[in-house]
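Trainee: A structural model of the following input is requested.
(one chain, ligands or ions: 1)
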Amino acid sequence: MVRAPLVNFRRFQITAPWPLVWTLTGLFLLFRLAVLAVRFAVFAVGHWRAWPLVAFAVVAAEVYDSHGWVPHLLVLIVLGAAGGLWWWRARDSFHRLVVLRSVSVWRRLWVYRRQWHEVMSLCGLVKKYDGGEKLPRLLSVRCTYATDELVLRMPKGQNPEVYQKAARDLAYSFGTRHCRVFSVRRQAAPHRSGRLAWLLRLVDRVRFRDRPRHVWLVFIRRDPLTRIVAPLPVPARPDFTALPLGLREDVAVYCVRLLATHVLIGGATRMGKGSVIWSLLRSLAAGIRSGLVRVWAIDPKGGMELSIGRGLFSRYVDDDWSRMADLLEDAVARMRARQQALRGKVRVHTPTVDEPLIVVVIDEIAALLAFLPDSEIRQRITQALGLLLSQGAGLGVLVVAATQDPRKEVVSVRDLFPTRIALGLTERGHVDLILGDGARDRGALADQIPLSAKGVGYVLLDGQPEPARVRFSFLDDELIRDMAATFPAPPEVQPEPEAVPAPVKPSPTSGNGRHVYRPTLPKQAAPLLPPSLLNALDLNTTPNGGEPR
Ligand SMILES: Nc1ncnc2c1ncn2[C@@H]1O[C@H](COP(=O)(O)OP(=O)(O)OP(=O)(O)O)[C@@H](O)[C@H]1O
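Mentor: Numbering: from 1, shown residues only. Presented below is the predicted three-dimensional model:
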């Protein structure tokens, strides 16, 4: 007897929904194909620089198949001849567009791409995420004769400080000694003019937009600052927004902005503070001769540095502390007179021959502020300098001072200098004292400048938090004498007595031994009290409107 199965499985069978399965599989494959196509498109766009090369290789292979190697030889001869002619007739553009571009491609592929993963891992710049690695992405390499400028995009979870800390490791890993890290673009958008300027400006707005995740690395391949920088040509008319003083390590000319600012130069002894001052005076020389700039010089070291260029100075003191104080107080008086004249009209003074830019140059400011034996004169100097530094910038009365020791107890007015230059220093801590907090961490290794590198220093460029290394031009004594003879300062015009207030002089001590200052406002601003009543003032208090203590 045949037994029937307990469960009839056939009753549970479902026919496979084949159309649905094929549709889903098809859709999935289509999706993968689309992803691959998009990836390829992104790759192709990302490597757009290789397109001409690929096209050239394809055409070359085709031609070789059909005509052999003769056309290639002909093309090579024609290209060589054209290149030679280009090099002969326009060497600059040939170097820029052919030589440097070829070097850039070569170094991008051979030096950077080849070792990128290894160096980034060894320098600790790779992030781990989700079982994989996130590398900084190399976007471009641009070479000059001295530097390689790399642009990279940081992976998420990093900021430029990480690269600043790894700068030395990066430099040595890629076979150089110096690497500078910049968190902002180094070139500003170009100035556009002409009919298509509006269009180019629109393009620039996109191209030069702020890119917080980009970092610029500059590797110094060949240090151009090992050689002495020759004196730069004297500008026919000084441009106070860009006075050329020396050479940057990327071989651009270093220019300083001397409008509405004071300059403090810090450097150990014999490291070239003088060369900064003379380079600055050279860039101002044409203005000095025309009277647009008046330089008042103080050399507390008895004229050892500045007396050699005496002819450039409208006023000069090197032997008498009291006369140095007088000079500074006269500068304050000129500043006050300008303040009265410009009040409510402009916010920054524009130098003219009648109202020139006054630059007070002090070779060793510490000698005036900390080491001066006469305390009364020291107090006058400190007060006058404080006033000049806090109010003079916008009024065209500027101070350029050098010091060996930037500590606050030595240069009490240090923080009032907006522009700072750090030459070779003896102590690590001095770098931040001169250039500001964190400057050393951002790359200003001024304490590591070798003794032989005189005139080399670090500066902050406009709009960039990272310091740049520069070398100031060197002017020998002969050249300074020659410059003083060629660009002598015209005789100083004495201001009319009624238009200019009396210099700030300390009043005699009051009964309790404290110094009290009388108001020294110019005549048109002075009638707070008639002179007869001024005498009746209580000398123990500073009168309203008088000089601050
Ligand atoms: N820019 C420069 N390039 C090459 N050599 C320089 C440069 N500046 C200065 N020197 C050399 O260094 C020496 C000292 O320079 P300088 O007198 O300018 O230094 P300093 O810092 O002003 O010295 P001090 O501390 O005595 O004031 C100079 O005699 C010169 O030989």
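
Trainee: Next one: Gly267 from the ligand, what distance?
Mentor: Between Gly267 and the ligand the distance, using CB to the nearest ligand atom, to the nearest Å, works out to 5 Å. C-betas here are computed from N, CA, C, even on glycine.

Trainee: which ones are touching that residue?
Mentor: Contacts of Gly267 were listed using CB atoms under 8 Å, 6 or more residues apart in numbering, and they are 273, 402, 404, 421-425, 457.

Trainee: Now tabulate those in a markdown table and tack on secondary structure.
Mentor: What follows is the contacts of Gly267, written out as a markdown table (DSSP: H, G, I helix; E, B strand; the rest coil):
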| residue | secondary structure |
| --- | --- |
| Lys273 | helix |
| Ala402 | strand |
| Gln404 | coil |
| Ile421 | strand |
| Ala422 | strand |
| Leu423 | strand |
| Gly424 | coil |
| Leu425 | coil |
| Gly457 | strand |
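
Trainee: remind me, longest helix of the protein?
Mentor: Taking DSSP state H as the assignment, the helix of the chain that covers the most residues is helix 18-46.

Trainee: mind checking how far the strand or helix carrying Leu79 is from the chain centre?
Mentor: Taking DSSP states H and E as the criterion, Leu79 maps to helix 70-89. On the basis of CA atoms, centre = their mean, to the nearest Å, helix 70-89 sits 42 Å off its chain's mean C-alpha point.

Trainee: do stretch 260-278 as well
Mentor: Here stretch 260-278 shows a centroid-to-chain-centroid distance of 16 Å under the convention CA atoms, centre = their mean.

Trainee: Quick check: buried residues in that stretch?
Mentor: Within stretch 260-278, the residues that count as buried by 16 or more other CB atoms under 10 Å are 260-268, 271-278.

Trainee: Restricted to helices, list those residues.
Mentor: When the buried residues of stretch 260-278 are checked against helices using DSSP H, the ones located there are 273-278.

Trainee: Let me have those residues in TSV, adding distance to Arg442 and pLDDT as columns.
Mentor: As requested, those are exported to TSV (distance: CB to CB, whole Å; pLDDT from 0 to 100):
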residue	distance to Arg442	pLDDT
Lys273	23	93
Gly274	27	93
Ser275	25	95
Val276	21	95
Ile277	26	95
Trp278	29	96
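
Trainee: can you list these in TSV and add distance to Gln383?
Mentor: Shown next, in TSV, are those (distance: CB to CB, whole Å):
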residue	distance to Gln383
Lys273	25
Gly274	28
Ser275	31
Val276	26
Ile277	24
Trp278	29
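
Trainee: Would you check which of those residues are in contact with the ligand?
Mentor: Of the residues in these, proximity to the ligand by CB under 6 Å from any ligand atom holds for 273-275.

Trainee: Identify the farthest-apart pair in the ones in helices among the buried residues of stretch 260-278.
Mentor: Of all pairs drawn from these, the one with the longest distance (CB to CB) is Lys273 and Trp278, at 9.9 Å.

Trainee: do you know how far the residue nearest in space to the middle of the chain is from Ala252?
Mentor: Most central in the chain under CA atoms, centre = their mean is Leu461, positioned 1.3 Å from the mean C-alpha point. According to CB to CB, to the nearest Å, Leu461 and Ala252 sit 10 Å apart.

Trainee: now swap in Arg471 and tell me
Mentor: Distance of Arg471 to Ala252, given as CB to CB: 12 Å.

Trainee: what does Arg469 give?
Mentor: As defined by CB to CB, Arg469 lies at a distance of 12 Å from Ala252.

Trainee: For Tyr444, report the pLDDT, please.
Mentor: Rather than Tyr, residue 444 is Ala. Note on Ala444: pLDDT of 89.

Trainee: Please report the distance of it from Phe174.
Mentor: With distances taken as CB to CB, Ala444 is found 21 Å from Phe174.

Trainee: Between those two, tell me which one has more neighbours.
Mentor: Using other CB atoms under 10 Å, the more surrounded residue of Ala444 and Phe174 is Ala444, with 27 against 20.

Trainee: Just list the residues touching the more buried one, thanks.
Mentor: In this structure, Ala444 makes contact with 422, 431, 435, 458, 467, judged by CB under 8 Å, 6+ apart.

Trainee: Now flag whichever of the residues you listed is closest to Val38.
Mentor: Once CB to CB is applied, the member of these that ends up nearest Val38 is Pro467, at 42.8 Å.

Trainee: What about the closest one, how many residues nearby?
Mentor: Neighbour tally, Pro467, other CB under 10 Å: 24.

Trainee: show me the contacts for it.
Mentor: For Pro467, the contacting residues are 422, 435, 439, 442-444, 458-460, taking CB under 8 Å, 6+ apart as the criterion.
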